[in-house]
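Peer 1: the following comprises the amino acid sequence and a computationally predicted model.
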Amino acid sequence: MDIPEFTVNLKCLFCGSVLEGPEDAEYCSGDLIKCTKCGEGNDYDSVLEVVKEEGIEKVKSVAEEQLKKELKKLFK
Ligand SMILES: [Zn+2]
C-alpha cells in the first residue's frame, strides 16, 4: 500500500492565505510568522496545530481509499 505524497501548506490563521516565509526561514516554537497578505503575526504553535490536523485528515482519507481498493481486490 503506497501513500501518495502530499503537501500541507501553512495557512494564515487570520485571512487563510498561504504563509510564505523566506526559503531558508526556520521557525521554532513561540515564533510569530508574519503573514505577507494581512500582516498579522501567526503564532507558530497554533499554525502547526492546524497543519497537523489537516495532515492527519488527508492521510486518513488517502489510507481509506487505498484500503477500499485493496478490499475490492480481495473480494472479487
Ligand atoms: Zn493573513
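Peer 2: Alright, I've got the coordinates. Worth saying up front: this structure is predicted, and the values here are computed from it rather than measured.
Peer 1: residue ranges in the chain under the pLDDT threshold?
Peer 2: 1-6, 21-23 (pLDDT under 70).
Peer 1: tell me where it has strands.
Peer 2: 32-34, 41-43 (DSSP state E).
Peer 1: let's have those strands in TSV, adding distance to residue 58.
Peer 2: No exception for glycine: its C-beta is placed from N, CA and C like everyone else's. Below are the strands of the chain laid out as TSV (distance: least, Cβ to Cβ, whole Å):
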stretch	distance to residue 58
strand 32-34	21
strand 41-43	21
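Peer 1: those strands into JSON lines, with extra columns for distance to the ion?
Peer 2: JSON lines is the format used below for these (distance: least, Cβ to the ion, whole Å):
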{"stretch": "strand 32-34", "distance to the ion": "9"}
{"stretch": "strand 41-43", "distance to the ion": "7"}
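Peer 1: what residues does stretch 29-40 touch?
Peer 2: Residues from elsewhere that reach stretch 29-40 (Cβ atoms under 8 Å, 6 or more residues apart in numbering): 10, 12-15, 17, 19-21, 27, 41-45, 47.
Peer 1: now the buried members of these.
Peer 2: 10, 12, 13, 19, 27, 42, 44, 47 (16 or more other Cβ atoms under 10 Å).
Peer 1: list just the nearest of the residues you listed to the ion.
Peer 2: Of all the buried ones among the contacts of stretch 29-40, the ion sits closest to residue 12, with 3.1 Å by Cβ to the ion.
Peer 1: tell me if I'm right that that closest one and residue 43 touch.
Peer 2: No - applying Cβ atoms under 8 Å, one finds residue 12 not in contact with residue 43, separated by 11.2 Å.
Peer 1: in the chain, which spans are helices?
Peer 2: Assigned by DSSP state H, the helices in the chain fall at 44-74.
Peer 1: relative to residue 57, how far out is the residue nearest the centre of it?
Peer 2: Nearest to the mean C-alpha position of the chain, by Cα atoms, centre = their mean, lies residue 8 at 2.9 Å. Going from residue 8 to residue 57 by Cβ to Cβ, to the nearest Å gives 10 Å.
Peer 1: same check on residue 12?
Peer 2: 19 Å.
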